[in-house]
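Asks: fold the stuff below for me.
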Amino acid sequence: MTIQLKSAGNGVLTTEESHVPPVDAAIADFELPQAGRALRASGHTSDAQRSEALGWMARVGTSIAPRIPRVGTTAAVTIGTLGSLAPGLLPRTPAAQGILTALLVVLALTVAGVVRVVVRRFRTAREKSVGMRGIAMAFGVGAAGVAMVRAQDWQNRLREAMGVASIGPGYWVRWMLVAAAIVAVVLAVWFGLRWAVRGLGRARSALLGLVAVLGVQFAGAPMVVEWRKEAYVAADSFVDPSVVQPVSPTRSGSPVSAASWANLGAQGRRFVAGDGGQGVRVYVGLNSAAGLAARVELAVRELERAGGFERGNIVLTVPTGSGWIDSDAAKGMNDRFGGDVALVGLQYSAAPSWVTFMFGRSAAEESARALFAAVEQRISRLPQRPKLYVYGQSLGALGGNSIFADDAEQDRRTCSVLWAGPPANAVHRSGAMVLANASDPVVHWSPSLLWHAPDLTGARPDAPLPQWLPVLSFVQATADLLGALDAPAGHGHRYGTDQGTALPDC
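Replies: Numbering: from 1, shown residues only. Modelled structure (predicted):
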């Protein structure tokens, strides 16, 4: 398209648009700058020549503008990228970092779109100009580059402290590919939906949207929930051939045990099969008995049968959501008491800890209280009473803590307790031994992290600690939760044998 100048007959020049072949347009675009230079060289221009030059400039601006994102779009992408590259607690893979970046960029783009709709009538020509878009793009690219350099420095500091290989340029190439691919897919879906809405009309689109929402709520969501439940049950029922059934009568799941090997669950089988020296290990799975009361009764009977009440020390070990009890903790307790100890655990869920924390936290609390009360009552009738301890990691710490109303009751009813990696501000700390890595996102995470720095009193400084930032620290800690157990031993949400050896005396 070109702009032609025509005389209206009264000395006034008017413009008229006409379509020309691409080759002619290219020639015109080449000739106009030459004419402009000639005009400047001659020192004088006519109105017609000036208008022709301005028309050429307008065409150039129109052709360039669509290729440069709006200022709001550039700002959204920049903000999302910078937020994702803020310092975190743990080393991340390129894929994990790319997913976080993509999610924050998509979120920022969504907010920018809403803001654009609201303030559309107030936008000025200046905000739409090519110059403003170019400045915003340059600033965004520069800011992202600086953030990448700082993020690499921070990641390498973390990795050095944790004994992990450093990252280089290849990390950022993979990060960019992952982030760009996810954002591209989301945008493709969004534009596809817009196209569908325009084709169907708003009324039909709204009706179909309502049907889709109802379908997801009443059919899709229940199907997904049921599918995940079946997956958790299948994982819990899986019998790992590398885990050998114990033959010692001091172990649940042995041939003489009332808690059969098949019904202990995957984590229970690993716990009782572990190398624990001469200590007693009792575990009751979800399928070992019907109902909480029956499982608690079976656990007490198993302690009786295995000789647990004859040991000098009994540790009530509260599992995590999936029924897992850290083998390092069990080994540390055996080392701590020289084999004169009985460990007892009661499974309350087959789902991962984060699922149980969100939707079934009460199960952890109820099972811990019921088992503790039963064991405590049985001990009270013994002429020679063993010392009673409580241990819990993560969600297990939350469940164990619920046994006691306050610190005084905790001290009165136990010899001592140990909480490893407890959720933020969720346990009684006075009189308890708390093991918390400063790099553990579980220790940091809580809704209050959005506006308040975490309380890391007593946390051991195992790695560099990022400065707390409102909102961003919450986002980073949330992202790090997914890889908390992938950290090297002694970092993140991984604790060692000191979970047992650090158990205090009475």
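Asks: could you look up the SS state of residue 272?
Replies: helix (DSSP: H, G, I helix; E, B strand; the rest coil).
Asks: contacting residues around it?
Replies: 246, 251, 252, 253, 254, 264, 281, 282, 283 (Cβ atoms under 8 Å, 6 or more residues apart in numbering). (C-beta placed from N, C-alpha, C; glycine too.)
Asks: how near is residue 365 to residue 339?
Replies: Separation of residue 365 from residue 339 (Cβ to Cβ, to the nearest Å): 31 Å.
Asks: which one's more surrounded, these two?
Replies: Neighbour tally, residue 365 and residue 339, criterion other Cβ atoms under 10 Å: the higher count belongs to residue 365, 18 against 14.
Asks: ramachandran coordinates for the closest residue in space to the more buried one that isn't next to it in sequence?
Replies: Spatial nearest neighbour of residue 365, chain neighbours left out: residue 402 (3.8 Å); criterion: Cβ to Cβ, 6 or more residues apart in numbering. The phi and psi values for residue 402, taken as degrees, to the nearest 10, are phi -70, psi -10.
Asks: distance of residue 402 relative to residue 302?
Replies: Residue 402 sits 23 Å away from residue 302, going by Cβ to Cβ.
Asks: cool, residue 175 as well?
Replies: Per Cβ to Cβ, residue 175 is found 51 Å from residue 302.
Asks: what does residue 454 give?
Replies: Look at residue 454 and residue 302: by Cβ to Cβ, they are 40 Å apart.
Asks: which of these two has more neighbours?
Replies: Between residue 454 and residue 302, residue 302 has the larger neighbour count (other Cβ under 10 Å), namely 24 against 21.
Asks: what about the more buried one, distance to residue 390?
Replies: Using Cβ to Cβ, one obtains 18 Å as the distance from residue 302 to residue 390.
Asks: list the buried ones in stretch 135-145?
Replies: By 16 or more other Cβ atoms under 10 Å, the buried positions in stretch 135-145 come out as 136, 137, 140, 144.
Asks: so which of the residues you listed is the closest to residue 78?
Replies: Each of those was checked against residue 78 using Cβ to Cβ; the closest is residue 140, at 3.8 Å.
Asks: who are the neighbours in contact with that closest one?
Replies: Here residue 140 is in contact with 74, 75, 77, 78 (criterion: Cβ under 8 Å, 6+ apart).
Asks: and the furthest pair within those residues?
Replies: The span of those, defined through Cβ to Cβ, is set by 75 and 77 at 7.5 Å.
Asks: between these two, which has more neighbouring residues?
Replies: The neighbour comparison of residue 75 against residue 77 (other Cβ under 10 Å) goes to residue 77, with 23 against 18.
Asks: which residues touch the more buried one?
Replies: 69, 105, 108, 109, 140.
Asks: burial measure for the fourth one, as a count.
Replies: Neighbouring residues of residue 109 were enumerated by other Cβ under 10 Å; the total is 21.
Asks: can you check the first one too?
Replies: As a burial measure, residue 69 scores 15 neighbours (other Cβ under 10 Å).
Asks: for the nearest residue to residue 424 once chain neighbours are set aside, list the residues it contacts.
Replies: Leaving aside its sequence neighbours, residue 424 sits nearest to residue 446 (Cβ to Cβ, 6+ apart; 4.1 Å). Residues counted as contacts of residue 446 (Cβ under 8 Å, 6+ apart) are 423, 424, 425, 454.
Asks: now the helices: where do they sit in the stretch 351-500 of the chain?
Replies: With helices called from DSSP state H, counting those that start in this stretch, the stretch 351-500 of the chain shows them at 353-359, 361-380, 395-401, 407-413, 441-444, 472-481, 498-501.
Asks: redo the contacts of residue 446 as TSV? Include distance to residue 496 and pLDDT.
Replies: Supplementary listing: the contacts of residue 446 in TSV, determined by distance: Cβ to Cβ, whole Å; pLDDT from 0 to 100:
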residue	distance to residue 496	pLDDT
423	20	89
424	21	87
425	24	82
454	23	92
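Asks: and those residues, which are buried?
Replies: 423, 424, 454.
Asks: now the nearest residue to the last one once chain neighbours are set aside: how far from residue 476?
Replies: With Cβ to Cβ, 6+ apart as the measure, residue 444 is the residue that lies nearest to residue 454, at 4.6 Å, once sequence neighbours are left out. When Cβ to Cβ is applied, the distance between residue 444 and residue 476 equals 9 Å.
Asks: which residues do the two both contact?
Replies: Common neighbours of residue 444 and residue 476 (Cβ under 8 Å, 6+ apart) are residue 89.
Asks: those two: who's more crowded?
Replies: Shown here are residue 444 and residue 476; by other Cβ under 10 Å, residue 444 has more neighbours (28 against 24).
Asks: who are the contact partners of the more buried one?
Replies: Neighbours of residue 444 in contact, by Cβ under 8 Å, 6+ apart: 89, 424, 454, 456, 473, 477.
Asks: before we move on, the earlier item: which among the contacts of residue 77 gets closest to residue 307?
Replies: Ranked by distance to residue 307 (Cβ to Cβ), the contacts of residue 77 are led by residue 105 at 60.0 Å.
Asks: tell me who's in contact with that closest one.
Replies: Per Cβ under 8 Å, 6+ apart, neighbours of residue 105: 76, 77, 80, 81, 84, 179, 183.
Asks: mind giving me CSV with those residues and columns for distance to residue 328?
Replies: Compiled in CSV, the contacts of residue 105 are given as follows (distance: Cβ to Cβ, whole Å):
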residue, distance to residue 328
76, 45
77, 44
80, 39
81, 38
84, 33
179, 36
183, 41
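Asks: what's the ChimeraX line that selects buried ones from those residues?
Replies: Here is the ChimeraX command that selects only those of the contacts of residue 105 that count as buried (16+ other Cβ under 10 Å):
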select :76,77,80,81,84,179,183
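Asks: next, format the contacts of residue 105 as TSV and append pLDDT.
Replies: As requested, the contacts of residue 105 are arranged in TSV below (pLDDT from 0 to 100):
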residue	pLDDT
76	92
77	93
80	95
81	95
84	95
179	96
183	94
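Asks: need the contacts of residue 105 in TSV (columns: secondary structure).
Replies: Shown next, in TSV, are those (three-state DSSP):
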residue	secondary structure
76	helix
77	helix
80	helix
81	helix
84	helix
179	helix
183	helix
